[in-house]
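Visitor: A predicted structure for the sequence below; I have some questions about it.
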Amino acid sequence: MGASARCVIFAAVAFFSMLGEGMAVFALTLAAADELGSWGVTALFLAGLVPPVVFAPWVGRWVDGSALWRVWIINLGLHVLVFAAMALAGSIIASLALMSVASVCAVVNGAVIFKLIPRIRGGFSVARASSFLVVATSLAGIIAPAVASFVFAARGLGVVLWCAALGFVILAVAAVLLFSSQRSNPDETAASAAPTAPHAAAAARSTAVLLHDWRLRVLLLPMAAIVLFTAAEGVAGVFYLREVTATDTGYAVLLGAWSLGAVAGSLVGGNQRFGARSALPILLGGAGVGAAILVEGLWANPAGLAVVFLLGGVGNGLHNTGVRTAIYDYVPESRHGAAWAQLRMMINIMVALGYLVGTPGLFVEPAQLVIVFSGAGTLLAIALSLVLLKRRNGQSPISNR
């Protein structure tokens, strides 16, 4: 089997672990709401957000400083045990406690996969290979809630948690087979490795690897803004969009349209034109996200918003692929694990702030105004990034890496 085929199969198998994890989180959310009320849902979200922030430095050191395959297989085994323990315990309190362990395992898993992509990409560019993982993530986000709600209603939380464990068992088996395949093709592995960007060599000695290069600092500005304001929109949208659509089904359709757009945007972000320029998909995609959120707040038309959400999702997928490519560009391969852990830490912090900002009445009221401010804030961050890149480059900010 060729290296390129292995890359595609790997992304497909990774999808099952993402699907299982997404199902587990969604089902745990339903169970926490049923058994513990709103504080239980908050505790679940905090269990998923806070531990990765606290343990990010440790995760980065472990992934970058140890045998990658051993780290991955041990972590996948632990992930399986965590979900199995949740299922066997049959207690929502125990599940909330174990969720803090699962959230750290998820960051380790993501860091390893991020670091592996340049090694197993075969004939694909790094951007194209990376886009397959973004597509898998988007598809899991579409399918997991629907499947989880059905299984949860029919068979209960325990069955959903066993499905999550099975997903990571499948990925663990794939990891062992992929490791064996890579060992039998050392020349192919070496040829597939991504070269270290010359301007990123000094970052190997930096603790905050994401902040070492000025280009990456500027490009992460719109990323942080998008995470902050989409999280805020997500909270405010629960109130605003359900009122606009008048039904929960209509609200779900809008969310599905965004996710479908993200799949398309991820694939576009991996093509030659966008994949060769990390700034272009980040800024163009970010502008699409900001414009979609702004229009959402200004145009309360359900049918029109379905199209707007589809286009906003395209921008989201394009942007996400660009962020991954930018990190590959500006961070040396030896620090990719630390870079991913720090990225997840930044994302979790922005999501937590977004939940606060997006709560109607806490800072801004009503929900519609929160959404308008979120769209405008995203576009402002994109404009500021363009100005900063133009000032430092002295040319078009998207003309090169």
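Guide: Good, I have the coordinates.
Visitor: from here on, contacts and neighbour counts on C-alpha atoms
Guide: Fine.
Visitor: in the stretch 301-401 of the chain, which ranges drop under the pLDDT threshold?
Guide: Applying pLDDT under 70 to the stretch 301-401 of the chain picks out residues 393-401.
Visitor: and with 50 instead?
Guide: 400-401 (pLDDT under 50).
Visitor: care to break this protein down by domain?
Guide: For the chain, automatic domain parsing gives the domain ranges 3-194, 200-393.
Visitor: Pick the most buried one from these.
Guide: domain 200-393 (a mean of 21; mean count of other CA atoms under 10 Å).
Visitor: which stretches of the stretch 151-300 of the chain form helices?
Guide: Counting by DSSP state H, counting those that start in this stretch, the stretch 151-300 of the chain has helices at residues 157-184, 186-192, 214-245, 248-269, 272-275, 279-298.
Visitor: Now do the residue lying closest to A12 once chain neighbours are set aside against V235, distance only.
Guide: Nearest residue to A12, sequence neighbours excluded (CA to CA, 6 or more residues apart in numbering): A136, at 6.9 Å. Going from A136 to V235 by CA to CA, to the nearest Å gives 24 Å.
Visitor: same deal with V160?
Guide: V160 is 25 Å from V235, where distance means CA to CA.
Visitor: ok, now V295?
Guide: From V295 across to V235, the span is 17 Å (CA to CA).
Visitor: same thing with L260?
Guide: Per CA to CA, L260 is found 20 Å from V235.
Visitor: Check G288 too.
Guide: 20 Å.
Visitor: can you check A303 too?
Guide: 21 Å.
Visitor: try G377
Guide: In terms of CA to CA, G377 sits 16 Å off from V235.
Visitor: What of L369?
Guide: In terms of CA to CA, L369 sits 12 Å off from V235.
Visitor: wait, L219 sits on I282?
Guide: Yes - contact criterion CA atoms under 8 Å: L219 and I282 qualify, at 7.2 Å.
Visitor: what do these two both touch?
Guide: Counting by CA atoms under 8 Å, 6 or more residues apart in numbering, the common neighbours of L219 and I282 are V323.
Visitor: Could you give the backbone dihedrals for V147?
Guide: Dihedral pair for V147: phi -70, psi -40, per degrees, to the nearest 10.
Visitor: Could I get the pLDDT score of it?
Guide: Looking at V147, its pLDDT is 87.
Visitor: Tell me who's in contact with it.
Guide: V147 sits next to M23 when contact means CA under 8 Å, 6+ apart.
Visitor: go with 7 Å
Guide: Not one residue lies near V147 by CA atoms under 7 Å, 6 or more residues apart in numbering.
Visitor: now it: how far from A24?
Guide: In this view, V147 and A24 are 10 Å apart by CA to CA.
Visitor: Repeat that for G322.
Guide: 28 Å.
Visitor: Please apply the same query to G265.
Guide: Note on G265: its distance to A24, by CA to CA, is 26 Å.
Visitor: so how far is the longest helix anywhere in the chain from its chain's centroid?
Guide: For the chain, the longest helix by residue count, based on DSSP state H, is helix 3-36. In terms of CA atoms, centre = their mean, to the nearest Å, the centre of helix 3-36 is set 12 Å apart from its chain centre.
Visitor: mind listing what A326 touches?
Guide: By CA under 7 Å, 6+ apart, the contact set of A326 is 216, 278.
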